[in-house]
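>>> Sequence plus predicted model, see below.
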Amino acid sequence: MRSDQIKNGLDRVPHRALLHATGLSRNDLKRPFIGVATSFTDLIPGHVGMRDLERFIERGICYGGGVPFLFGVPGICDGIAMGHLGMCYPLALRELVADIIETVCNAHQLDGIICLTNCDKITPGMLMGLARINIPAIVVTAGPMLSGRFNKRKLAFVHDTFEAMARAKVGDISSEELSCLEMEACPGQGSCQGLYTANTMACLTETLGLSIPGSGTALAGSAKKRRIAQASGERIVELVKKNIKPRDIITKESLENAIVVDMALGGSSNTVLHLMSIAHEAGVDLDLKTFDKISKSVPHITNIEPAGEYFMEDIEYAGGIPAVLKRLKSKLHNTLNVSGQKIFEIADQANIFDEEVIRPLNKAYHSQGGIAVLYGNIAPDGAVVKQSGVSEKMMKFTGRARVFNREEDAMQAIMGNKIKKGDCIVIRYEGPAGGPGMREMLAPTAAIVGLGLENSVALITDGRFSGGTKGPCIGHVSPEASAGGPIAIIKDGDRINIDIPNRKIEVKLSKAEIEKRFKNWKSIEPKIKTGYLSRYLRLVTSADKGAILS
């Protein structure tokens, strides 16, 4: 066993003494050492229920014949971090999480690991760490939150909080109703109810094969989730014995499967960054063009919040990710799951209980997948849009630029009624280095929707969007402004053309004019000059590369 490095031989007497000091018996030293990387915290609704799941994971590991060791991983709630300095940190946290997984597992020579995770950047950070250290591993996601209720209506976090703020401002809802929504939109533990980044990544982790079947949509607090936690604990010991490792599972084919499911679900655009970063750690080549190629061939077969009418609980009751795999079997590779099953076997055993929630391919909500990649003189290296959240009317749009160098300035203009029909909001210097941390623009995009402007106003940014964003919002513009990307020289009043069907995003300027503007261009000063983020911005690469650290 790998852990023999710290527990066998005469020269490991001191090591054994320290292990015994933790309460281990001599018999325990003969068993596999299994790490449990838990991201429990009181700060995140998606993570507050993890103490319960930790017990069941521990139980499973012990039943399987292993020795569990819990250690902590930090977490950030993207929703609470949104709209202020805090949003500079979640993407940067992804790298810290990966480093912690590597550091603890290698320092203690653990034989295997279970990662207990749920929310936005913690899950991909753990997956990156697992691909890097390549020891037997299983991921347990803590599950989606149930929908809230108000006046017999189902509530979802983004629609009934972020968008509701703007609706209250224009008088569409009363302050009393807004107060009720504030209390009821998030009724308890779990990741927010739609296909935001957390739930999208949970579904893709199961598709990749690193969670046992059913894990991605099993609801937070459910007995099913407890059973999955315990089964994962038992199974990890088998993976150690059989020496089945993450890189046996994270392959070009399984990553393509994850993209297929992502496109079919209409998931968060953040998955582009995360799947590329996971591929990088696993030594697999994956680029933006692969996402767009797959999107053109995979129909969008679910209609989940924020762009749709259904919730994650509806996907769960319709059969979960196994049912989605059943629908998509003809477009998938037959890859391995940590359960020991192949993906086709999982698909064949699945049942589809709701033909409307998970539609047949020939009755899809859209003929193409959820994400499109655009190119043009604004984004020579690409930009990303969640096209499943864009109305037909706005798939093509030409508007006048309204330029802002910070999200806060754009938000002030939106809430101050200074954005008019036909405007294209440009928010720049919010990229991976410029932000730093590539902040999510959920607050401005939700405000646009709440003010009823989603069919007359577009937004482009070198930052990114929450999975909760909908409307013609183009992010990940690469190169970013701070790196001298063309988005840096756009001025108020410039005409911007967005053509999603033809994958184009352009500012109507001649090449000579663009070159002229660049002669006088100078990047703004870094917004943060000390601490972790100052180091991060010096190392982070462009969004089209996954915003990985060089």
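Great, that's in hand.

>>> what sits against residue 494?
Shown in contact with residue 494 (C-beta atoms under 8 Å, 6 or more residues apart in numbering): 400, 401, 507, 508, 509. (Each C-beta comes from the backbone N, C-alpha and C, glycine too.)

>>> So which bits of stretch 353-370 are buried?
Along stretch 353-370, these residues count as buried under the neighbour rule (16 or more other C-beta atoms under 10 Å): 357, 358, 359, 364, 365, 366, 368, 369, 370.

>>> Show me how far it is from its chain's centre.
22 Å (C-alpha atoms, centre = their mean, to the nearest Å).

>>> for stretch 34-41, same thing?
On C-alpha atoms, centre = their mean, the centre of stretch 34-41 falls 19 Å from the chain's centre.

>>> ok, now stretch 511-527?
On C-alpha atoms, centre = their mean, the centre of stretch 511-527 falls 32 Å from the chain's centre.

>>> And for stretch 491-511?
On the basis of C-alpha atoms, centre = their mean, stretch 491-511 sits 28 Å off its chain's mean C-alpha point.

>>> For that stretch, what is the spacing between the initial and final residues?
Using C-alpha to C-alpha, to the nearest Å, the end-to-end distance of stretch 491-511 comes out at 15 Å.

>>> Check which residues of that stretch are buried.
By neighbour count, and taking 16+ other C-beta under 10 Å as the criterion, the buried residues in stretch 491-511 are 494, 496, 497, 498, 500, 503, 504, 505, 506, 507, 509.

>>> And the helices in the stretch 351-500 of the chain, which stretches?
407-415, 442-450 (DSSP state H, counting those that start in this stretch).

>>> And the lowest mean pLDDT element among the helices and strands of the chain?
Least confident helix or strand, the chain: helix 163-169 with a mean of 85, by mean pLDDT, DSSP states H and E.

>>> which helices and strands sit right next to that helix?
In terms of contacts (3 or more C-beta pairs under 8 Å, 6 or more residues apart in numbering; DSSP states H and E), helix 163-169 is packed against helix 175-184, helix 407-415, helix 442-450.

>>> Which stretch among those helices is buried most, on average?
Highest mean neighbour count among those (mean count of other C-beta atoms under 10 Å): helix 442-450, with a mean of 26.

>>> how about the CA coordinates for that one, as CSV?
Listed next in CSV are the C-alpha coordinates belonging to helix 442-450 (Å, rounded to 0.1, in the frame of the first residue of the first chain):
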residue,chain,number,x,y,z
LEU,A,442,-24.8,37.6,-11.8
ALA,A,443,-25.9,40.9,-10.1
PRO,A,444,-26.0,43.0,-13.3
THR,A,445,-27.4,40.3,-15.5
ALA,A,446,-30.2,39.5,-13.0
ALA,A,447,-30.9,43.2,-12.7
ILE,A,448,-31.3,43.5,-16.4
VAL,A,449,-33.8,40.7,-16.4
GLY,A,450,-35.6,42.1,-13.3
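
>>> Name the residues that touch that helix?
For helix 442-450, the external contacting residues (C-beta under 8 Å, 6+ apart) are 82-83, 158, 162-167, 169-170, 172, 407, 410-411, 414-415, 419, 425, 427, 454, 457, 459, 465-466, 468-471, 473.

>>> tilt between that helix and helix 407-415?
Compare the direction of helix 442-450 with that of helix 407-415 by axes from the mean of the first three to the mean of the last three C-alpha atoms, to 10 degrees and you get 10 degrees.

>>> What's the separation between residue 349 and residue 324?
For residue 349, the distance to residue 324 equals 13 Å [C-beta to C-beta, to the nearest Å].

>>> So the two - more neighbours on which side?
residue 324 (28 against 12; other C-beta atoms under 10 Å).

>>> Might you report the residue contacts of that one?
Residues near residue 324 by C-beta under 8 Å, 6+ apart: 203, 261, 264, 265, 301, 302, 315, 358.

>>> The first one - nearest residue in space that isn't next to it in sequence?
For residue 203, ignoring the flanking residues on the chain, the nearest one in space by C-beta to C-beta, 6 or more residues apart in numbering is residue 216 at 4.2 Å.

>>> That neighbour: neighbour count?
As a measure of burial, residue 216 has 29 neighbours, counting by other C-beta under 10 Å.

>>> That one falls within a strand, correct?
No. Assigned with DSSP: H, G, I helix; E, B strand; the rest coil, residue 216 falls outside any strand and is coil.

>>> switch to numbering from 18
Right, with 18 as the first residue, what we last looked at is residue 233.

>>> measure it to residue 208 for me?
Counting by C-beta to C-beta, the gap from residue 233 to residue 208 is 11 Å.

>>> hang on, the earlier thing: touching, the residue nearest to residue 220 and residue 336? I think so.
No. At 11.6 Å, residue 233 and residue 336 do not qualify as touching, with contact defined as C-beta atoms under 8 Å.

>>> How about the contacts made by the residue nearest in space to the middle of the chain?
Nearest residue to the geometric centre of the chain (C-alpha atoms, centre = their mean): residue 214, 3.4 Å. Residue 214 sits next to 95, 136, 137, 138, 285, 287, 288, 291, 483, 484 when contact means C-beta under 8 Å, 6+ apart.

>>> distance of the fifth one from residue 208?
Counting by C-beta to C-beta, the gap between residue 285 and residue 208 amounts to 11 Å.

>>> Quick check: phi and psi on the residue lying closest to residue 145 once chain neighbours are set aside?
Computed as C-beta to C-beta, 6+ apart, the closest residue to residue 145 that is not its neighbour in sequence is residue 115, at 3.9 Å. When read as degrees, to the nearest 10, the backbone of residue 115 gives phi -60, psi -40.

>>> quick one, what contacts residue 115?
Applying C-beta under 8 Å, 6+ apart, the residues near residue 115 are 142, 143, 145, 146, 149, 298.

>>> just to revisit the earlier point, quick check: which of the helices of the stretch 368-517 of the chain is nearest to residue 532?
helix 424-432 (27.3 Å; C-beta to C-beta).

>>> Please put the alpha-carbon coordinates of the closest one into PDB.
Taking C-alpha atoms only, helix 424-432 is exported to PDB below (Å, rounded to 0.1, in the frame of the first residue of the first chain):
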ATOM      1  CA  GLU A 424     -18.700  45.500 -12.300                       C
ATOM      2  CA  GLU A 425     -19.800  48.000  -9.600                       C
ATOM      3  CA  ASP A 426     -19.900  50.900 -12.000                       C
ATOM      4  CA  ALA A 427     -22.100  48.900 -14.500                       C
ATOM      5  CA  MET A 428     -24.400  47.800 -11.700                       C
ATOM      6  CA  GLN A 429     -24.800  51.400 -10.500                       C
ATOM      7  CA  ALA A 430     -25.800  52.500 -14.100                       C
ATOM      8  CA  ILE A 431     -28.300  49.600 -14.400                       C
ATOM      9  CA  MET A 432     -30.000  50.300 -11.100                       C
END
